[in-house]
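Q: turn this into a structure:
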Amino acid sequence: MIISASLITALGLGAPALAQQVETQQGMANQTSAQMRAQQDPEAPELTSEPGSVVVLRGLDKVTARTRDFEAPIGEAVQFGALSITVQYCRKRPPEEPPEVFAFVEVEDRRTDGFGVQADGELMFSGWMFASNPALNALEHPVYDVWVIDCRS
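A: Numbering: from 1, shown residues only. Model prediction:
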């Protein structure tokens, strides 16, 4: 199930509310597919998907044209260049469903006052990113690109 950013905004859902809704809908879908598998093969193990604890992100520095893969633990800020990235939630679909990884990401541009003293940063991005379609809801920054690669437990 892919949820577009415009739908999220139109519904007025924040990250926790949407995460709960997504978990509920996926839970129902997983339960239905598990019931179908149980009917076909009663000895088959139940496959489930749980929220991850670490997100793998890929960052691109457009000035140097270098990419770097890095891990971001859920709820902890990580630095990529002048960006501070905090991932609030991630989930990876189970193997029996079409592949998809999605994460709720907040990106802040750290700034200085010209003398090297940290000033208040600007929130550049807050929303869902999808691994299968990074351009669907992309970070718009003149120097950096960041997108989701994987979600791990």
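Q: okay, buried residues for stretch 70-81 please.
A: The neighbour-count check on stretch 70-81 (16 or more other CB atoms under 10 Å) flags Ala72, Ile74, Val78, Phe80, Gly81 as buried. Where you see a C-beta, it was placed from the backbone N, CA and C, and this is true even at glycine.
Q: closest to Lys62 out of those?
A: Nearest to Lys62 among the buried residues of stretch 70-81, counting by CB to CB, is Gly81 at 10.0 Å.
Q: could I get the contacting residues of the closest one?
A: Gly59, Asp61, Val143, Tyr144 (CB atoms under 8 Å, 6 or more residues apart in numbering).
Q: could you turn the buried ones of those into a PyMOL selection?
A: In PyMOL, a selection of the buried entries from those looks like this (16+ other CB under 10 Å):
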select buried, resi 59+144
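Q: which members of the contacts of Gly81 are the farthest-apart pair?
A: Of all pairs in the contacts of Gly81, the most separated under CB to CB is Gly59 and Val143 at 10.5 Å.
Q: hang on, the earlier thing: need the worst-confidence member of the buried residues of stretch 70-81.
A: Ranked by pLDDT, those bottom out at Gly81, which has 90.
Q: next up, phi/psi of it, please.
A: phi 60, psi -130 (degrees, to the nearest 10).
Q: state the distance from it to Gly75.
A: Gly81 sits 21 Å away from Gly75, taking CB to CB, to the nearest Å as the criterion.
Q: and if you look at Glu50?
A: Distance from Glu50 to Gly75, by CB to CB: 16 Å.
Q: name the nearest residue to Asp145, sequence neighbours excluded.
A: Nearest residue to Asp145 in three dimensions, chain neighbours excluded: Leu60, at 4.1 Å (CB to CB, 6 or more residues apart in numbering).
Q: pLDDT at Gly121, what is it?
A: 78.
Q: okay, now the unreliable bits of this structure?
A: Flagging of the chain using pLDDT under 70 yields the residue ranges 1-48, 112-119.
Q: for the chain, just list every one of the strands.
A: For the chain, applying DSSP state E gives strands covering 54-61, 66-73, 77-80, 83-92, 101-112, 118-130, 144-152.
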